[in-house]
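**Student:** pasting the sequence and the predicted coordinates here, then a few questions.
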Amino acid sequence: MELRRYITGRLMQITLIFFVILTVLFLLFRLAPGDPVTRMVDPDMTQEDSDRLIAELGLDQPLGVQYVIYVKNFFMGRFGYSFHYGEPVVDIIWSRLPNTVLLFTTSIILSALVGIFLGKIASWHKGKKLDSFMTLGALVTHTLFLPWLALLLIWVFAYKLGWFPITGMISEEVWLDPESGFVAKALDVMYHMVLPLSTLFLIHFGAYLLIMRSSMLETLKEDYILTARAKGLEEKTIRNHHAAPNAALPVVTSIGLSLAFSINGGALTETVFTWPGIGRELVSAVSQNDYPLAQASFLLIAIVVLLSNLVVDVLYAYLDPRIRY
Amino acid sequence: MRQNRFAVKSFACRAVLLFVFVMVLGSGIHLTTSTASAGKLLKIGMLEEPKSLNIWRASDRWSSKVLGLIYQSLYIRDPKTLELVPWLAESDPVFDAATLSYTVKLRPAKWSDGTEFTSEDVAFTGDFIKEFKVPRFYSKWKFVKKIETPDKHTVRFYLKKPEAIFITRSLATPIAQKKEWMKVTEEARTKEKPLSWLMNHRVKAPVGTGPFFLKEWRRGAYLFLQKNEHFFGSGKEINGYLLGPYINGMILKVYGTSDAAILAIQKGSIDMFWWGVQPGYIDSLKQNSKIDLFTNEKSALYYMGFNVRKAPFNDPNLRRAFATLVDEDFIIKRILQGFGVRMYSIIPPGNTFWYCPDVPRYGDGLGREGRIKKAVQILRDAGYTWQISPVEPSGKIVNGQGIMLPDGKLMEKFTILTPPADYDPHRAMCGMMMQEWLRMVGIPAYSKPMAFGALLQQIKVRRDFDTFILGYGNLSLDPDYLRNFFISTNNKRRGWNMSGYDNPAFDKIANESADAMNREERKKLIWEMQKIIIRDVPYIPLYNPKLIEAVRKGTFTGWVQMLGGVGNMWSFCQLKPK
């Protein structure tokens, strides 16, 4: 009952926050200098053409009128057409989103699994060479400049060794071949994922390792660990079944939020690897003043992040019986 | 509970192992397939994919490149002379002065869907543009009074008044298929905003008369253009070229960055990179024996502009002094690393017919000291003074300070707006160099890089600026833009006369040039316009970068070089696999 009341309260908060985001997004894009028509540096685009396009896009209307139309359209589920693609914004987002989710969600899950596992080992060997090696390794990879690492991997594994494709998500050789079935195409995508996934994995697993290690070290000081040892339980059992599940709670929060943010992709990763995801599209939309596309993308991210926060909070209560709302 | 956890862990380990296994398997399959499917397909690397395949919307260069292979015009440019030659038209247009009309005979041709190309399609395209006032096209068609189609292969255009750009611009408009667009047009007429509706119309499979048609588009990955079996030029000799295409098609692959595309061409994943190679890559590409580099001029203009609406930039003497201080040779040698052409006029020298070489050349052949002395002389003669003169009575050059305008007031600090270095390092660097050169004579210039959208807003819309550095990377070969850039009627919000130049004498000649139907007569007027502009310097032409393109040796032969590079219609109709 209390949990239901808590969720209802949070949902009301989320609605309010979302409305603020909706308004801020509208204002941010309209107040930023530039508009989608002025950017067209084409001498064939006359002043009359520009004025006509501005009117067609509705950008000649007063800001208040534009805002009312924007809010009305949002609640009617009409996100409009991209100024640059001339296609419904929803279609563009839905065509890019699965690519982003595939790459980034896989990378987060993989990084978290490995990070938690290694963090557990590192904490168990605190102060020893293995711990120093893992901690240092995590710090180094986590602080690497992503585009540099990505280009390095491309240069070594794609260009020099030729093991993987340089960029992209699919090979035309496979997709144009009428004999290629679903499995061949799926494998082709996975093959193209190796380098971007490795880049993201190397950047992210260190964070999970460090969080897990630190949390484990705290947990190992708890009385119930001492009790377990006093009971004569095996060290491995104490580590894996008494300490690790409790220490993993902060990592769960981190994973939850990372998964939520994964839908905005990563403009850098997607650009370097020419991964056709939402991150690249978002940056392009913002830089080219493509208001409908940028707004809809940000709103989608806002919704997912707000709801994920709620889910993580509820999950936390489920995982940790001490937490009650 | 314990068993469950063990099972979960075991499952996770297996999942990771399976994932790695699948990836390795995937690489094996990929290698097998890629070896097996090599054929007569030309693979081209692009930086981005087209934004739209709707010819009326497509304004980005990637859409233009792709659609340029599908939609064709009546006339195109000869690669050597740059003159217009008949393409979908069979012969040159015939002008009838009495009726102010042009008659064009059409070649027998078919659309990529196999239907016949007729004069109805041409008339439909022109009427469509006029009816909906399609941006970027309407200015080239608004003076066409009516279009007649006496027969299936003849089209006659009646003009409201003489217009020089009719042949060079209007007749170079891509022709759309009436059958494809008729229904869309009828529906558009019923909409509240017909133009928006038309421009948002999604074209999945454009029907054209070009040598290729779109077979498949995998978003974010590649476009597959297949050879058009109905292409009117196949097996025919047009303009001295026996046309193909001799390839089965082309794959246009998307690479997000130049780095990736350059690696791809070096590795052999693509046969051509359809974009200018940055000077930084050239040495490594030259060392690769499997790469050919083509260098061509562009029809481009990069320049410094002044806001001549306000003091002190409304003084032509000050602008001439600026022009004298600019060392274009330094810009080309150091900033462009030698890959550029010096611009003396607004029209690039590669556009040989219209380019006027006989314009004032400020500071030409002078060293830094010589430029400073000459600039100081121009300013002194115009009444400018200094607190510390940059040229001492002995002729020694020192750092000038406190330049004062002819009215005795100290010149205030001003900005040179440039795009940021991540958008265009050359223009950003030019701004910084200009700042230093001007400061040497005590002119308080400050280079200010600004986000591109904001920069254009400031210059074109708000018109709140002092000076700026901008450029056009792909100017039309018809010089009508010269009129657009400087005629006083375009000195308005969002107009192309960004400097605010206002000279009735120029306006008169510019308008005459627009009406001049005789080419030689028009050339004289265009030359005169160039002389006036370079004399008054609302713009200082800075440079025209050369276009360097990389192709693989040994895969395809028959590249045709022309202004604008080897990625042109003639090349794609000539290329043969080795």
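**Tutor:** Perfect, I can see it now.

**Student:** which residue does the stretch 151-300 of chain A bring closest to chain B?
**Tutor:** With CB to the nearest CB as the measure, A:Pro276 is the residue of the stretch 151-300 of chain A nearest to chain B, at 2.2 Å. In short, each C-beta sits where N, CA and C put it, glycine included.

**Student:** in a helix, that residue, correct?
**Tutor:** No: A:Pro276: not assigned to a helix; according to DSSP: H, G, I helix; E, B strand; the rest coil it is coil.

**Student:** identify the residues contacting B:Val155.
**Tutor:** With contact set as CB atoms under 8 Å, 6 or more residues apart in numbering or on different chains, B:Val155 has these partners: B:Thr103, B:Val104, B:Leu106, B:Ser119, B:Val122, B:Ala123, B:Ile147, B:Glu148, B:Thr149.

**Student:** helix, strand or coil for it?
**Tutor:** Put simply, B:Val155 is strand when judged by three-state DSSP.

**Student:** any idea what it is bridged to?
**Tutor:** B:Val155 forms beta bridges with B:Val104, as assigned by DSSP bridges.

**Student:** ok, now which ones touch the nearest residue to the residue of the stretch 151-300 of chain A closest to chain B once chain neighbours are set aside?
**Tutor:** Spatial nearest neighbour of A:Pro276, excluding adjacent residues (CB to CB, 6 or more residues apart in numbering or on different chains): B:Gly220 at 2.2 Å. The contact partners of B:Gly220, by CB under 8 Å, 6+ apart, come to A:Arg96, A:Asn99, A:Met169, A:Thr274, A:Trp275, A:Pro276, B:Glu49, B:Val254.

**Student:** can you put those in TSV and add distance to A:Ile17 and pLDDT?
**Tutor:** Listed next are the contacts of B:Gly220 as TSV, based on distance: CB to CB, whole Å; pLDDT from 0 to 100:
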residue	distance to A:Ile17	pLDDT
A:Arg96	25	91
A:Asn99	28	93
A:Met169	34	94
A:Thr274	35	91
A:Trp275	30	93
A:Pro276	31	92
B:Glu49	36	91
B:Val254	37	93
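
**Student:** of these, closest to A:Ala158?
**Tutor:** Closest approach to A:Ala158 among the contacts of B:Gly220 (CB to CB): A:Thr274, at 11.9 Å.

**Student:** how many neighbouring residues does residue 268 have?
**Tutor:** In the absence of a named chain, this looks at chain A. 16 (other CB atoms under 10 Å in any protein chain shown).

**Student:** sorry, should have said chain B
**Tutor:** 14.

**Student:** distance of it from chain A?
**Tutor:** 10 Å (CB to the nearest CB, to the nearest Å).

**Student:** for the closest residue to that residue other than its chain neighbours, give its distance to B:Leu285.
**Tutor:** Among residues not flanking B:Gly268 along the chain, B:Arg552 sits closest, at 6.5 Å (CB to CB, 6+ apart). From B:Arg552 across to B:Leu285, the span is 11 Å (CB to CB, to the nearest Å).

**Student:** can you check A:Leu209 too?
**Tutor:** 41 Å.

**Student:** residues near the spatially closest residue to B:Arg342 that is not a sequence neighbour, how many?
**Tutor:** Using CB to CB, 6+ apart and skipping the chain neighbours, the partner closest in space to B:Arg342 is B:Glu328 (4.9 Å). Residues lying near B:Glu328 (other CB under 10 Å) number 22.

**Student:** give me the phi and psi for the residue in the stretch 1-150 of chain A that chain B sits nearest to.
**Tutor:** Closest contact between the stretch 1-150 of chain A and chain B, by CB to the nearest CB, is at A:Gly34 (2.8 Å). The phi and psi values for A:Gly34, taken as degrees, to the nearest 10, are phi 100, psi 160.

**Student:** ok, now which ones touch it?
**Tutor:** A:Asn289, B:Ala451, B:Phe452, B:Gly453, B:Ala454, B:Leu456, B:Gln457.

**Student:** closest to B:Pro420 among those residues?
**Tutor:** B:Ala451 (6.4 Å).

**Student:** chain neighbours aside, what residue packs nearest to the residue of the stretch 301-450 of chain B found nearest chain A?
**Tutor:** In the stretch 301-450 of chain B, the residue that lies nearest chain A is B:Met450 (8.6 Å; CB to the nearest CB). Counting by CB to CB, 6+ apart, the nearest residue to B:Met450 once its immediate chain neighbours are dropped is B:Leu417, at 5.5 Å.

**Student:** roughly how far apart are that neighbour and A:Ala186?
**Tutor:** B:Leu417 is 50 Å from A:Ala186, by CB to CB.

**Student:** and those two? which has more neighbours close in?
**Tutor:** Comparing B:Leu417 with A:Ala186 by other CB under 10 Å, the one with more neighbours is B:Leu417, at 24 against 12.

**Student:** average model confidence for the helix or strand hosting that one?
**Tutor:** Here B:Leu417 sits within strand B:414-418, counting by DSSP states H and E. In this model, strand B:414-418 has a mean pLDDT of 97.

**Student:** in its sheet, what does that strand sit against?
**Tutor:** strand B:445-449 (parallel), strand B:467-472 (parallel).

**Student:** thinking again about what came up before, next, format the contacts of B:Val155 as a markdown table and append pLDDT.
**Tutor:** Below are the contacts of B:Val155 laid out as a markdown table (pLDDT from 0 to 100):
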| residue | pLDDT |
| --- | --- |
| B:Thr103 | 97 |
| B:Val104 | 98 |
| B:Leu106 | 98 |
| B:Ser119 | 98 |
| B:Val122 | 98 |
| B:Ala123 | 98 |
| B:Ile147 | 97 |
| B:Glu148 | 97 |
| B:Thr149 | 97 |
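
**Student:** alpha carbons of the helix or strand containing B:Trp62, as PDB, please.
**Tutor:** Per DSSP H and E: B:Trp62 is located in helix B:61-68. C-alpha atoms of helix B:61-68 as PDB (Å, rounded to 0.1, in the frame of the first residue of the first chain):
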ATOM      1  CA  ARG B  61      25.300  18.000 -51.100                       C
ATOM      2  CA  TRP B  62      25.000  14.300 -50.400                       C
ATOM      3  CA  SER B  63      21.400  14.200 -51.700                       C
ATOM      4  CA  SER B  64      22.500  16.200 -54.700                       C
ATOM      5  CA  LYS B  65      25.400  13.800 -55.500                       C
ATOM      6  CA  VAL B  66      23.100  10.800 -55.400                       C
ATOM      7  CA  LEU B  67      20.100  12.400 -57.100                       C
ATOM      8  CA  GLY B  68      22.400  13.900 -59.700                       C
END
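
**Student:** centroid-nearest residue for the chain?
**Tutor:** In the absence of a named chain, chain A is used. A:Ser262 (1.4 Å; CA atoms, centre = their mean).

**Student:** sorry, I should have been clearer: chain B.
**Tutor:** B:Asn474 (1.8 Å).

**Student:** so that residue is in which element?
**Tutor:** Per DSSP H and E, there is no helix or strand for B:Asn474.
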